[in-house]
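[1] here are the coordinates; sequence isn't available:
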């Protein structure tokens, strides 16, 4: 879709040349390990030289993936590219190499907290270079009452359990459209019953301990909160007007009308994962991205899917310069 149709230059007039910018610097987040490999794969198709910085203390999936790729390729252009034009390092936020990266990057892509992203993009950089900020965002799951099923709730568990609230694409709130309070509590209880069939094994002891604490905090805030089996998460039913507890593995369930759900969206909203009863979206759903800051409206099972457009920005296309050609 991004490349477009192949043009036979003998028959067609060339009106634009699109060339790689040159050097791309990517600062990766510490909470979503998959973003590194996915970003690297997409940007490797642009022909730019890549320099990537991993977060200290995070799961180093990017480094492992790059090492795997280099070790399993025997020869060819891809191996040459990965060895010559892709650089990956892990260093502290205050390391001088951050400024060095920014100073040589024709495109700067920064993932992380608002403060971290602002500091990265404020570094001296080449005149005319582009800076793309992917900062603190939140996501929610909106489910029509008639669409509730074990299959849909299983998808909800899967997309939440990977990162909990730490992931920008993870739902921190499940909004049941058209439900009553008792129906929401029943749906929450069904999620609790399904949990051990979807998520096998037990969480780390410190995670389980934190969840016990956050269940108590949620209850103190007015939520009807229960623990998932093995203390793997906190599942809390309550009002859409009540603040969501900040625990990483806290998933809240609320009832709302469509207009109430729109009104209650946080300023930093990114993704709405939807579950609908019909085969396609009712046109009213287009009011969500049309009138709010929502950047992604996707089925619940695709909330974590990553592509060339992110947070409403076509970062992949910005890896190129466009040269107009007149004949």
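    Yep, that arrived. Source: prediction; values computed, not measured. Numbering: from 1, shown residues only.

[2] alpha carbons only for contacts and neighbour counts from here, please
    Will do.

[3] Okay, now the unreliable bits of the stretch 101-250 of the chain?
    The stretch 101-250 of the chain contains no residues with pLDDT under 70.

[4] which residues of it fall in strands?
    107-111, 130-134, 138-144, 171-177, 224-227, 234-238, 250-256 (DSSP state E, counting those that start in this stretch).

[5] Show me what counts as buried in the second one.
    Spelled out, it's strand 130-134. Within strand 130-134, the residues that count as buried by 16 or more other C-alpha atoms under 10 Å are 130, 131, 132, 133, 134.

[6] Dump the strands of the stretch 101-250 of the chain to CSV, plus distance to residue 287.
    Converted to CSV, the strands of the stretch 101-250 of the chain look like this (distance: least, C-alpha to C-alpha, whole Å):
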stretch, distance to residue 287
strand 107-111, 28
strand 130-134, 24
strand 138-144, 14
strand 171-177, 15
strand 224-227, 31
strand 234-238, 25
strand 250-256, 16
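
[7] so which of those gets nearest residue 319?
    strand 107-111 (6.6 Å; C-alpha to C-alpha).

[8] Other residues contacting that closest one?
    The contact list for strand 107-111 (C-alpha atoms under 8 Å, 6 or more residues apart in numbering) reads 21, 23-29, 102, 117, 120-121, 129-135, 318-319.

[9] Tell me which entries of these lie within helices.
    Of the positions in these, 102, 117, 120, 121 sit in helices, assigned by DSSP state H.

[10] would you turn those residues into a markdown table with distance to residue 253 and neighbour count?
    Output for those, formatted as a markdown table (distance: C-alpha to C-alpha, whole Å; neighbours: other C-alpha atoms under 10 Å):
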| residue | distance to residue 253 | neighbour count |
| --- | --- | --- |
| 102 | 42 | 26 |
| 117 | 31 | 21 |
| 120 | 36 | 22 |
| 121 | 37 | 18 |
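
[11] Could you work out the most separated pair of those?
    Spatial extent of the ones in helices among the contacts of strand 107-111 (C-alpha to C-alpha) is set by the pair 102 and 117 at 12.0 Å.

[12] need the contact list for the residue positioned nearest the centre of the chain.
    Ranked by distance to the mean C-alpha position of the chain (C-alpha atoms, centre = their mean), the top residue is residue 169 at 4.0 Å. For residue 169, the contacting residues are 137, 138, 139, 270, 271, 303, 304, by C-alpha under 8 Å, 6+ apart.

[13] shouldn't the third one be in contact with residue 271?
    What that stands for is residue 139. Yes - between residue 139 and residue 271 there is a contact at 4.7 Å, judged by C-alpha atoms under 8 Å.

[14] And what about the closest residue in space to residue 44 that isn't next to it in sequence, helix, strand or coil?
    Nearest residue to residue 44, sequence neighbours excluded (C-alpha to C-alpha, 6 or more residues apart in numbering): residue 50, at 7.7 Å. Using DSSP: H, G, I helix; E, B strand; the rest coil, the structure places residue 50 in strand.

[15] Equivalent analysis for the one 3 residues further on, please.
    For residue 53, the secondary-structure state derived from three-state DSSP is strand.

[16] is it in a bridge, and if so with what?
    Residue 53 forms beta bridges with residue 27, residue 89, as assigned by DSSP bridges.

[17] Since that was my last question, I'll sign off now.
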